[in-house]
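Visitor: Okay, here's the prediction I keep looking at, along with the sequence it came from:
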Amino acid sequence: MTLLEQIKEVMADYRGAAHVNNISQMLIERFPNIQIPREKLPDKVSAILSADVRKKRPKASFSKVKSKTGGLKRGIYKLKKKPVIKPVPTPSPDVSSQYTGKAGETAVISELLFYGFNASAMAVDDGIDVIAGKNNNYFHIQVKTSNPSANNSFVFTINIHLLRRWFCLLPPIRGLCLPPEKTSRSSPISYKLLIVLVAFQAL
């Protein structure tokens, strides 16, 4: 972290104008291991801020403070307020449920791969969309995907027969959570079912 970034951090918490001596004291309190000697820090802060205010407007992070007479107060600086840009909502894409469902499955597979699971989509949709394995533990995953509705809510439809068959239901999550095991008597390998709900919000 540069000295300018450290000054930005302390001044963001201070939320006001301050003299370079006060800024230096705040830096020492926030960053006790700062490498600049205490007696030289005010001069260094002054040089850094003086160079910053001379930058063109969009690039400058600090500004000088005017006095009552219209001049500039010596050694006093304040952090500029950045304009808050509100995100423009994007309507959900008008595509069929097949595309939305496949997007959800692909997102789940991608997340599993990042966590070190060997994951792939099933060739035939027989109630299981994705199978994933790690450390001899295998997971059958049913993925339910939804785009926001008109009232900005998400609706998921789950087959009750699938639910009764596997006795497992998980709430909408990003990470993985293990449900009760479904272990075959003829096999020492444990298989678990996850029902993962994926909510897609357009950016």
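Guide: Here it is on my side, so go on.
Visitor: Helix or strand: which one has the residue lying closest to Ile36 once chain neighbours are set aside?
Guide: By the measure of C-beta to C-beta, 6 or more residues apart in numbering, the closest residue to Ile36 outside its immediate chain neighbours is Lys44, 5.4 Å from it. C-beta here means a position set from N, CA and C on the backbone, and glycine is covered the same way. For Lys44, the element it lies in under DSSP states H and E is helix 41-53.
Visitor: list the helices and strands that helix packs on?
Guide: Contacts of helix 41-53 with other secondary structure elements, assessed using 3 or more C-beta pairs under 8 Å, 6 or more residues apart in numbering; DSSP states H and E, are made with helix 3-14, helix 20-30, strand 62-66, strand 72-79.
Visitor: Buried residues in the third one, which are they?
Guide: By neighbour count, with 16 or more other C-beta atoms under 10 Å as the criterion, the buried positions of strand 62-66 are 62-64.
Visitor: Over to Pro148. Which of the three states is it?
Guide: coil (DSSP: H, G, I helix; E, B strand; the rest coil).
Visitor: if I read this right, it contacts Thr100, doesn't it?
Guide: No: using C-beta atoms under 8 Å, Pro148 is not in contact with Thr100; the gap is 11.4 Å.
Visitor: ok, Ser24 touching Val45?
Guide: Yes: here Ser24 lies in contact with Val45, judged by C-beta under 8 Å, at a distance of 5.3 Å.
Visitor: what distance separates the helix holding Lys44 from the centre of its chain?
Guide: For helix 41-53, the gap between its own C-alpha mean and the chain's C-alpha mean amounts to 33 Å (C-alpha atoms, centre = their mean, to the nearest Å).
Visitor: Can you report the mean pLDDT over the residues of that helix?
Guide: Model confidence over helix 41-53, given as mean pLDDT, is 93.
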